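> Below: sequence and its predicted model.
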Amino acid sequence: MSEIDLDQQQNTAHEEADETAEKCRLLGIEWLEKAPDTDGDVVGLIEPDVAVRLRVVPIRRDNGRLQIAMADPLDITAADEVGAIVGVPITRIGVQGDAFSELMRGTYGTTAARMAESLAADSGMASTDLEHNLDAIEAGDIHRMAEEPTLINLVNLLLLEAIQSRTSDVHIEPFENELKVKYRIDGMLIEQPPPPKHLQPALIGRIKIMAGMNIAERYVPQDGHITLRFEGRKVDIRVSTVPTLYGESVVMRILDKSSIQLDLVTLGMSEEHRTTMDKLIAKPHGLVLVTGPTGSGKTTTLYACLSKLYDPRKKIITIEDPVEYELGGINQIPVNPKRGLTFATGLRSILRQDPDVIFVGETRDAETIDIVIRSALTGHLVFSTLHTNDALSSVGRMMDMGAEPYLAASVLEGLLAQRLGRRICQHCLDWEPMSEDLEHRLTAEERELFNGRMPLGRGCDECRNQGSLGRLGFYELVRITPTLRAAIAENMSMVQLRKHLPEEFEPMRVDGMSKAARGETTVQEVLRATQDVDEA
């Protein structure tokens, strides 16, 4: 996806909003550019999860009618459903997108916490009984509690709030006297108001029912999957449970396709790196590896490359564990070890499908690396990922898995290492003098970049006072030159290989510091994210 495409998307969104506003005016429906004030007495007429699902907020009563703010006032079905719930005539009022989001956050931003408090107060169960006798609760009782409408609403709101706040993972952690809920936002865990401890069996039971898990089994790890419809889009949630001393710990990974940024510019890749990547993905055959720890955005980067590479005249096949996001026009295969479909067996079958481009989700064993190399040798462009600290270490990792140096050298075209850091919210970006301790951790060249000042996010409504809004990548890219290719074929050590790196190569820390100097991220984020790379 190019920069022009992104601009077109933004323009399309503005055009659609303008078109909706114009239709409202023609139909005599009031249209507001700012969030209206609400009457607290009418907000409770609609359950919070219903309001979030329908994208409506009750405002006030007016001559026997209920005025409701709507993100899409032309949605007659939503208005009719609200009318049926409250039993009075409805007056629709349209509110501009950003203003409506602000209204929704202000009205229902802490509904899950409020609902949990209400459930705690209304629950007929003695909390002390449940806090210390979780093992004694029968599966049938858990199922009954999990099917209570208020408990269902609580879990739904927990997930909806997580999606709205750009959460990547929801963590539910049981301890002796409390049940913690944390959202991972922009890579950092942020603790939420906790639900009462005695709701633990019902809360976790409800999640397991939604994910298709066995609620009677509480002593072995389980995996499940939830699919939600939210604001007209599909959101996939991968659920994992593990038994702990005080009950099951649950992690829900939210895969929201609308939040994925399949564009190297938006991901934070510099123009120099993008130019080199464009040359690499334009090659007819060879192997391009992306490396980094779990959660560093490797798959997202390769998805962006595949999206840019997509052409109806090319056959592109991926094999992944699991398929995180569906890519239009690309054949994606999920690994299924229980049925004998591993990366290696799947890759063999892919080669019989006459592909032009292959994406292997992870190269993790000798069998897979052997087939990956032979695929690249036989005229295919292959992308894959590895777990290494820096880009050049990928070469050593390939040898560790049994790759022959001369074969690896003949197929390798590029090595990309990356980390993710928090992006400073540009609405509250500020600069302050750099502390002496931090300045001592920088090189002389880096200190010149900042001239005694460092960027930070002060916190504002746009970023929910976090100071950060989204993440961006820190990259180092190694182009395989003839000199480096010869060194790899001779099985030189890492120390010797570094002497043959191309002149344009820049370490990941240099890329990160240049972004910090532009106010895109903080110095602390760069140091945190690239520390292990420096030590490699």
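Nice, thanks for sending it over.

> rest of the way, CA atoms for contacts and neighbours
OK.

> Contacts for stretch 245-260 next, please.
Residues outside stretch 245-260 that contact it (CA atoms under 8 Å, 6 or more residues apart in numbering) are 134, 163, 166-176, 204, 218-219, 233-243, 300, 324-326.

> If we use 6 Å, what do you get?
168-176, 235-242 (CA atoms under 6 Å, 6 or more residues apart in numbering).

> got it, and stretch 441-450?
Under the criterion CA under 6 Å, 6+ apart, residues residue 517 lie in contact with stretch 441-450.

> Name the residues of that stretch that come out as buried.
By neighbour count with 16 or more other CA atoms under 10 Å, stretch 441-450 contains the buried residues 446, 447, 450.

> A helix includes the second one, no?
The one in question is residue 447. Yes - Residue 447: assigned to a helix according to DSSP: H, G, I helix; E, B strand; the rest coil.

> Check the gap between it and residue 457 for me.
Per CA to CA, to the nearest Å, residue 447 is found 20 Å from residue 457.

> go on, the first one?
Summarising the geometry, the distance separating residue 446 from residue 457, computed by CA to CA, is 20 Å.

> same check, this time on the last one
In this structure, residue 450 and residue 457 are 16 Å apart, going by CA to CA.

> Next: residue 237.
With distances taken as CA to CA, residue 237 is found 30 Å from residue 457.

> same deal with residue 365?
Going from residue 365 to residue 457 by CA to CA gives 43 Å.

> Of the two, give the one with the bigger neighbour count.
residue 457 (24 against 14; other CA atoms under 10 Å).

> Okay, buried residues for the strand or helix carrying residue 275 please.
Residue 275 belongs to helix 271-281 when assigned by DSSP states H and E. Within helix 271-281, the residues that count as buried by 16+ other CA under 10 Å are 273, 277, 280, 281.

> Using the three-state scheme, assign the residue nearest the centre of the chain.
Nearest to the geometric centre of the chain sits residue 168, at 4.5 Å (CA atoms, centre = their mean). Per three-state DSSP, the local secondary structure of residue 168 is strand.

> Just after the helix or strand that contains residue 347, pick out the following helix or strand.
For residue 347, the element it lies in under DSSP H and E is helix 343-351. Using DSSP H and E, the helix or strand that directly follows helix 343-351 along the chain is strand 357-360.

> List the contacts of the helix or strand following that following strand.
Heading C-terminal from strand 357-360, the first helix or strand you meet, by DSSP H and E, is helix 366-377. Helix 366-377 is contacted from outside by 285, 286, 287, 344, 382, 401, 402, 411, using CA under 6 Å, 6+ apart.

> So what does residue 212 look like in phi/psi?
Dihedral angles of residue 212 (phi, psi; degrees, to the nearest 10) stand at phi 70, psi 30.

> Please export the C-alpha coordinates of stretch 85-99 as PDB.
This file holds the C-alpha atoms of stretch 85-99, laid out as PDB (Å, rounded to 0.1, in the frame of the first residue of the first chain):
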ATOM      1  CA  ILE A  85     -36.100  -1.000  24.100                       C
ATOM      2  CA  VAL A  86     -37.200   2.300  25.700                       C
ATOM      3  CA  GLY A  87     -40.800   2.200  24.500                       C
ATOM      4  CA  VAL A  88     -41.000   5.900  23.400                       C
ATOM      5  CA  PRO A  89     -40.600   7.700  20.100                       C
ATOM      6  CA  ILE A  90     -37.000   8.400  19.000                       C
ATOM      7  CA  THR A  91     -35.400  11.600  17.700                       C
ATOM      8  CA  ARG A  92     -32.200  10.900  15.800                       C
ATOM      9  CA  ILE A  93     -29.300  13.400  16.000                       C
ATOM     10  CA  GLY A  94     -26.100  12.800  14.000                       C
ATOM     11  CA  VAL A  95     -22.700  13.500  15.600                       C
ATOM     12  CA  GLN A  96     -19.400  13.800  13.700                       C
ATOM     13  CA  GLY A  97     -17.200  10.800  14.000                       C
ATOM     14  CA  ASP A  98     -14.400  12.100  16.400                       C
ATOM     15  CA  ALA A  99     -17.000  13.900  18.500                       C
END
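
> And the pLDDT at the nearest residue to residue 169 once chain neighbours are set aside?
Closest residue in space to residue 169, ignoring its immediate chain neighbours: residue 253 at 4.4 Å, by CA to CA, 6 or more residues apart in numbering. Per-residue confidence at residue 253 stands at 93 (pLDDT).

> repeat for residue 4
For residue 4, the predicted pLDDT is 25.

> Quick check: the nearest residue to residue 72 once chain neighbours are set aside vs residue 355, distance?
Nearest non-adjacent residue to residue 72, counting by CA to CA, 6+ apart: residue 94, 6.4 Å away. As judged by CA to CA, residue 94 and residue 355 stand 49 Å apart.
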